[in-house]
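Visitor: Pasting the sequence and the predicted coordinates here, then a few questions.
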There are 4 protein chains.
Amino acid sequence: MAEHEADERTVPASRIWDPFLTARDRAHLEREPRTPKGAGTRPVLLLVDLYRWAFGDEPEELLDAIRTWPGSCGLAGWAALPSIQRLLAVAREQRVPVVHLTGLESVLRDDAGPPADAIARAPNPDAAARRARKYEIVDEVAPIAGEVVLRKTAPSAFFSTPLVSILQHFRADTVIVAGESTSGCVRATVADARSYRYRVLVPEECVFDRSESAHAINLFDMDRKYADVIALEEVLMYLERVGGGA
Amino acid sequence: MAEHEADERTVPASRIWDPFLTARDRAHLEREPRTPKGAGTRPVLLLVDLYRWAFGDEPEELLDAIRTWPGSCGLAGWAALPSIQRLLAVAREQRVPVVHLTGLESVLRDDAGPPADAIARAPNPDAAARRARKYEIVDEVAPIAGEVVLRKTAPSAFFSTPLVSILQHFRADTVIVAGESTSGCVRATVADARSYRYRVLVPEECVFDRSESAHAINLFDMDRKYADVIALEEVLMYLERVGGGA
Amino acid sequence: MAEHEADERTVPASRIWDPFLTARDRAHLEREPRTPKGAGTRPVLLLVDLYRWAFGDEPEELLDAIRTWPGSCGLAGWAALPSIQRLLAVAREQRVPVVHLTGLESVLRDDAGPPADAIARAPNPDAAARRARKYEIVDEVAPIAGEVVLRKTAPSAFFSTPLVSILQHFRADTVIVAGESTSGCVRATVADARSYRYRVLVPEECVFDRSESAHAINLFDMDRKYADVIALEEVLMYLERVGGGA
Amino acid sequence: MAEHEADERTVPASRIWDPFLTARDRAHLEREPRTPKGAGTRPVLLLVDLYRWAFGDEPEELLDAIRTWPGSCGLAGWAALPSIQRLLAVAREQRVPVVHLTGLESVLRDDAGPPADAIARAPNPDAAARRARKYEIVDEVAPIAGEVVLRKTAPSAFFSTPLVSILQHFRADTVIVAGESTSGCVRATVADARSYRYRVLVPEECVFDRSESAHAINLFDMDRKYADVIALEEVLMYLERVGGGA
């Protein structure tokens, strides 16, 4: 298999996580530099949890947004959206399979953490109306005919979904992960993709989080352990080179 | 089920992750305080990857240790070991089932990241001898008769192991996770435990990492999303109260 | 845990699979009689694939039915339906959790065997209209509010669904499996339930198949290896005794 | 992908399962003939549970063998062994990856059915000595360097093992399943392989069972639903054509 030439990548001089590292962490990195992991030739694009609950209806600062949308990531999601749209457009042009993930309403959500807790604290009619739309994928990146939509009950896109069967159906060897949150569902999806032995690319501009520090450090973790966290531009060049696979 | 009274827990005034958070992260936390998740009545103790590769043969500062043991966590592991021993001793006294995780040598390790990379860079006879011992669980917490030992090929203790069957065998509802690394196998195990709908406790003194920032922020993530990250003392009191289950 | 007293069960003098066994098979059984496996105290009822595709719109002999409904099980499904309704009614009375399984439309169905093949052979408008209703659960056993409905892409109800998380959510130790086909999705679900270490009961009158021999021998296999295949009456008595769990 | 030309296969005039089918089953088959499923270009060979427990130390009739080896398949295993050896030899020549499955000793075996029950009934020193060897793969098909050995706790080779990661590591699209028992671990492995969307070939002479009827009907089920059950000769020709993949 002709692999992506990982070592030709542009390595940025500084990374978003640098300010969060301690002096010893930086010294360790210098002695144990990461190895780019590379990509294969048959990518699939995963769009993780780009639903209303994470955006709200319009851009607002995080601390304002959570008054009506407790699961909001504030402006971070809206800032990432044009990059995600660009990624999605190129994937579609190149006929790369696209899989959208969103939540599954089920008895399990009752004990599934923040969203349910937040809902419980705001049981008014408007909140209920917002809640009813929470798993709707936002219009800007809505699925089109022929794309796969999977509903999940856990952070990872692989957990309790047919995603691994779908990747095998497409004979994929590489997954590109975009969406939210960097420290939650994106992170869990990336770790599982690597556990299943797919190559993983994370276009940095296309993932977002409500926490600045968790966003940065989870990018660091993923780049170090499981994936290549690279610029969107590099991912687009890769897609244009390999397309939907041989 | 008589649940652990989560709200009686002592909440520490400050947490290890506080210095790593941005001002906005702290403001967000104040408005969306976490809810303790509680524990059930049938715990199982998971000891994750307490093998030679993470310790080396004797305590050394991280930057020294990695010259001979590239996968070392430096002094962090040795500092955590007495706490883990104490946790293990109480679990054994209380007849709580114990499951030890270590690595499985397989064709898969060839592309599994840092350890293999590190080995490739040090192909001398001494390094080979160290490598041959890499998955040996260290003596201080070695399994005894009747305890389960599972070998894994991915970060999560659940991935490609019979752990979920074993938890059902024990009718467990709660897992206590100790070991390393906080940002790797502990984190992945905790996320999966929650995905399978177990309650999760992480005794803070009993997990460790080679990165200070990743250690802190992954504790933050786990405490926020999937688990109660609490003091060892609280976990011991819990174990003494519930024992090995009804 | 107070277990179901498996050895008090009425063992029928003859079983549906007896005529299909060879003389040597019978001699082997006499020397290695099966051991009843028993049940726990917290059951969940699984209703597998009771959708239109397996029934058609009205009772017809198998060889007639497949002209319009190629996935039909003929009269076998209609004959089982009153038994399944009775089982479901008792489960609801006893507040036993009910999980319904049906198919997930996806790119995967394209290579998923008989239904798609059959559809391809009958691409007329009426066939398309039938196909559009194929995964609708039939009215007689339709889900009601509070019951779980899961969609799957493979024979087993556990494969690529959150079923194991849901069983843990309910703290289940036992699954009761009804539906179709005995030799396909029921069999795969029963094997997985046992692999996850649940106790499994199969009420014989409540499962069905389009093949008489496969129905009989798969009941034999399940009873021998994974489950107790018993009379509906016994399952109802069990449900009335244990209810929805302690 | 250049697929195996499934429709060129020699279809035997009669199949081992024919005598076990009812008249109606045969009529149904005539109206709904099966479609060959074909194979891909990157096979992996799975050898399932070819351990001492299924063979005993020497060929004996089933009803004699079970007096000392309660898990024996009698002469069926010994009869299949030369065919399995031939299959393994060709796979090795063609550099097709080979994965051996055997059992994992664990707390779970205590409730895992026949073997444990049988052991419990024969707690003498000789039986204990035999039991200690039960999961040893027999010499005739023992793993060689570079082959993968996985230990499992459930019928399917995929359940709680890294098999699916290993298949992705090899970029496999096809699995060839040999071993025992047809109605147990082979069947469960084949169903899961199909669920994960691999193509599956079962060389008929290379699988065996202690039950004649279950052997025949499970071959029927697998051929109908999940796999192509074909002659060893055809599988060997296929392997010689595709080798270990592009």
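Guide: Nice, thanks for sending it over.

Visitor: Quick one: neighbours of the closest residue to residue A:173 other than its chain neighbours, just the number.
Guide: Nearest residue to residue A:173, sequence neighbours excluded (C-beta to C-beta, 6 or more residues apart in numbering or on different chains): residue A:40, at 3.2 Å. C-beta here means a position set from N, CA and C on the backbone, and glycine is covered the same way. Neighbour count of residue A:40, defined by other C-beta atoms under 10 Å in any protein chain shown: 18.

Visitor: Helix, strand, or coil at residue A:40?
Guide: coil (DSSP: H, G, I helix; E, B strand; the rest coil).

Visitor: Alongside chain D, which residues does chain A contribute?
Guide: A:1, A:164, A:165, A:166, A:168, A:169, A:171, A:173, A:195, A:196, A:197, A:198 (C-beta under 8 Å from any C-beta of the partner chain).

Visitor: Tell me what residue A:176 is bridged to.
Guide: Beta bridges link residue A:176 to residue A:45, residue A:201 when assigned by DSSP bridges.

Visitor: From residue A:243, how far out is it?
Guide: Relative to residue A:243, residue A:176 is positioned 13 Å away (C-beta to C-beta, to the nearest Å).

Visitor: more crowded one of the two?
Guide: Between residue A:176 and residue A:243, counted using other C-beta under 10 Å, residue A:176 has the larger neighbour count: 25 against 16.

Visitor: The more buried one is in contact with residue A:46, isn't it?
Guide: Yes - if you go by C-beta atoms under 8 Å, residue A:176 and residue A:46 touch, sitting 6.8 Å apart.

Visitor: hang on, the earlier thing: tell me, what's touching residue A:176 and residue A:243 both at once?
Guide: With contacts taken as C-beta atoms under 8 Å, 6 or more residues apart in numbering or on different chains, residue A:176 and residue A:243 have no neighbour in common.

Visitor: hmm, back to that, quick one, grab the pLDDT at the residue nearest to residue A:173.
Guide: Note on residue A:40: pLDDT of 97.

Visitor: how about it, phi and psi?
Guide: phi -90, psi -150 (degrees, to the nearest 10).

Visitor: And residue A:129, by the same measure?
Guide: Dihedral pair for residue A:129: phi -70, psi -40, per degrees, to the nearest 10.

Visitor: which stretches of chain A form strands?
Guide: A:43-48, A:98-103, A:148-152, A:174-180, A:199-203, A:207-208, A:228-230 (DSSP state E).

Visitor: Any idea which of the ones you listed gets closest to residue D:128?
Guide: strand A:148-152 (47.2 Å; C-beta to C-beta).

Visitor: still on that earlier bit, list just the nearest of the residues of chain A next to chain D to residue D:149.
Guide: residue A:197 (18.1 Å).

Visitor: contacting residues for that closest one?
Guide: Contacts of residue A:197 by C-beta under 8 Å, 6+ apart are B:108, B:111, D:165, D:166, D:168, D:169.

Visitor: Of those, which belong to helices?
Guide: Counting by DSSP state H, the part of the contacts of residue A:197 found in helices is D:165, D:166, D:168, D:169.

Visitor: relative to strand A:98-103, how tilted is the longest helix seen in chain A?
Guide: Ordering each helix of chain A by length in residues (DSSP H) puts helix A:75-93 first. Between the axes of helix A:75-93 and strand A:98-103, defined by axes from the mean of the first three to the mean of the last three C-alpha atoms, to 10 degrees, the angle is 150 degrees.

Visitor: got a list of contacts for helix A:75-93?
Guide: Applying C-beta under 8 Å, 6+ apart, the external contacts of helix A:75-93 come out as A:45, A:47, A:50, A:54-55, A:59-62, A:98, A:138, A:140-141, A:144, A:176, A:178-180, A:203, A:205-210, A:215, A:232, A:235-236, A:239-240.

Visitor: How about residue A:202, nearest residue that isn't a chain neighbour?
Guide: residue A:229 (4.5 Å).

Visitor: So for stretch A:47-60, what gets flagged as buried?
Guide: A:47, A:48, A:49, A:50, A:51, A:52, A:53, A:54, A:55, A:56, A:60 (16 or more other C-beta atoms under 10 Å in any protein chain shown).

Visitor: what mean pLDDT does that stretch have?
Guide: 97.

Visitor: Around the closest residue to residue A:220 other than its chain neighbours, count how many other residues there are.
Guide: For residue A:220, ignoring the flanking residues on the chain, the nearest one in space by C-beta to C-beta, 6+ apart is residue A:17 at 3.8 Å. Applying other C-beta under 10 Å, we find 23 residues neighbouring residue A:17.

Visitor: Identify the residues contacting residue A:17.
Guide: Contacts of residue A:17 (C-beta under 8 Å, 6+ apart): A:216, A:217, A:219, A:220, B:213.

Visitor: swap the cut-off to 7 Å and go again
Guide: By C-beta atoms under 7 Å, 6 or more residues apart in numbering or on different chains, the contact list for residue A:17 reads A:216, A:217, A:219, A:220.

Visitor: try residue A:191
Guide: A:226, B:155, B:188.

Visitor: Redo these as TSV? Include pLDDT, neighbour count and distance to residue B:68.
Guide: Shown next, in TSV, are these (pLDDT from 0 to 100; neighbours: other C-beta atoms under 10 Å in any protein chain shown; distance: C-beta to C-beta, whole Å):
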residue	pLDDT	neighbour count	distance to residue B:68
A:226	97	27	26
B:155	98	27	24
B:188	98	28	27
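
Visitor: Reformat the residues you listed as a markdown table; add distance to residue D:82.
Guide: A markdown table is the format used below for these (distance: C-beta to C-beta, whole Å):
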| residue | distance to residue D:82 |
| --- | --- |
| A:226 | 45 |
| B:155 | 43 |
| B:188 | 45 |
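
Visitor: Out of those, the closest to chain D would be?
Guide: residue B:155 (12.1 Å; C-beta to the nearest C-beta).

Visitor: how much space between the closest one and chain C?
Guide: Distance of residue B:155 to chain C, given as C-beta to the nearest C-beta, to the nearest Å: 19 Å.

Visitor: ok, now residue A:68?
Guide: Taken as C-beta to the nearest C-beta, the span from residue A:68 to chain C is 28 Å.

Visitor: show me the contacts for that residue.
Guide: Residue A:68 neighbours (C-beta under 7 Å, 6+ apart): A:56, A:130.

Visitor: mind checking pLDDT for it?
Guide: pLDDT, residue A:68: 94.

Visitor: And the one 3 residues further on, by the same measure?
Guide: For residue A:71, the pLDDT comes out at 94.

Visitor: That one touches residue A:52, doesn't it?
Guide: No - applying C-beta atoms under 7 Å, one finds residue A:71 not in contact with residue A:52, separated by 9.1 Å.

Visitor: Can you pull the residues that touch both of the two?
Guide: Here residue A:71 and residue A:52 share no contacting residue, scored by C-beta under 7 Å, 6+ apart.

Visitor: before we move on, the earlier item: pick out the one among the contacts of residue A:197 with the largest number of neighbours.
Guide: residue D:165 (23 neighbours).

Visitor: where does the closest residue to that one other than its chain neighbours fall, phi/psi-wise?
Guide: Counting by C-beta to C-beta, 6+ apart, residue A:197 is the residue found nearest to residue D:165 once chain neighbours are left out, at 4.8 Å. Dihedral pair for residue A:197: phi 80, psi 40, per degrees, to the nearest 10.

Visitor: ditto for residue A:17
Guide: Per degrees, to the nearest 10, the backbone of residue A:17 is at phi -90, psi -10.

Visitor: And for the one 4 residues further on?
Guide: When read as degrees, to the nearest 10, the backbone of residue A:21 gives phi -80, psi 150.

Visitor: Surely it is in contact with residue B:213?
Guide: Yes - between residue A:21 and residue B:213 a contact is recorded at 5.1 Å, counting by C-beta under 7 Å.
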